[in-house]
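> Below is the sequence, then the predicted model.
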Amino acid sequence: MRQSVAPSRVSHAASLASQANNVVATSRLLEKKKEFEAVAALERASALFLKRIEGLADDCEVMADAGQVHGQVLEQWPVMFHSLSLFLNSREQHLADPSDDTPPLTGERLVRVPLDELQADVSKQP
């Protein structure tokens, strides 16, 4: 028998099998690309969601700080009303007693605010 002229030539059946393998590999590659794109889109959406949640957390912290400040202000109102009551009572007593030669109270007084103590208290808070 005579030998083949092209011994290194692949047979027709082998080329059909390799083409089928290429088609399967290509379809699998496309599937993996779609899967990768979906995971990347999920990652982007998760990062955006994280930024929004962090923004909400920052807003909540600001609101909590504002609530503490409002509480501190409201805490001072009874003291202010007490001081005002003392002033009004002393003014009424002064007006009721005409024998006193002191000038009438106008409510204008200098008050020392201890800024150093207040700043020290603020710096101690976390």
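Structure's in. What do you need?

> Count the residues that sit near Arg91.
Arg91 has 14 neighbours, counted by other C-beta atoms under 10 Å. C-betas here are computed from N, CA, C, even on glycine.

> element containing it, please.
For Arg91, the host element (DSSP states H and E) is helix 12-96.

> which intervals of this structure have sub-threshold pLDDT?
Filtered on pLDDT under 70, the chain yields the residue ranges 1-17, 98, 100-110, 126.

> What separation do you get for the spatially most central residue of it and Ala66?
For the chain, the residue nearest the mean C-alpha position is Asp58 (2.1 Å; C-alpha atoms, centre = their mean). Asp58 sits 13 Å away from Ala66 when distances are taken as C-beta to C-beta, to the nearest Å.

> now swap in Asn22 and tell me
With distances taken as C-beta to C-beta, Asn22 is found 66 Å from Ala66.

> Distance check, the residue nearest to the centre of the chain against Ala64.
Taking C-beta to C-beta as the measure, Asp58 falls 11 Å from Ala64.

> do the same with Ser83
For Ser83 relative to Ala64 (C-beta to C-beta), the value is 30 Å.

> cool, Ser123 as well?
Counting by C-beta to C-beta, the gap from Ser123 to Ala64 is 19 Å.

> Looking at those two, which one has more neighbours?
Neighbour comparison, Ser123 and Ala64: the larger count goes to Ala64, with 10 against 7 (by other C-beta under 10 Å).

> how near is that one to Leu95?
47 Å.

> and what of Gly55?
Computed as C-beta to C-beta, the Gly55 to Leu95 distance reads 58 Å.

> Over to Gln76?
Gln76 sits at a distance of 28 Å from Leu95 (criterion: C-beta to C-beta).

> now swap in Val73 and tell me
Separation of Val73 from Leu95 (C-beta to C-beta) stands at 32 Å.

> what do you get for Ala57?
57 Å.

> try Phe36
Taking C-beta to C-beta as the measure, Phe36 falls 87 Å from Leu95.

> now swap in Ser123 and tell me
45 Å.

> same thing with Lys51?
As for Lys51, its distance to Leu95 is 65 Å (criterion: C-beta to C-beta).
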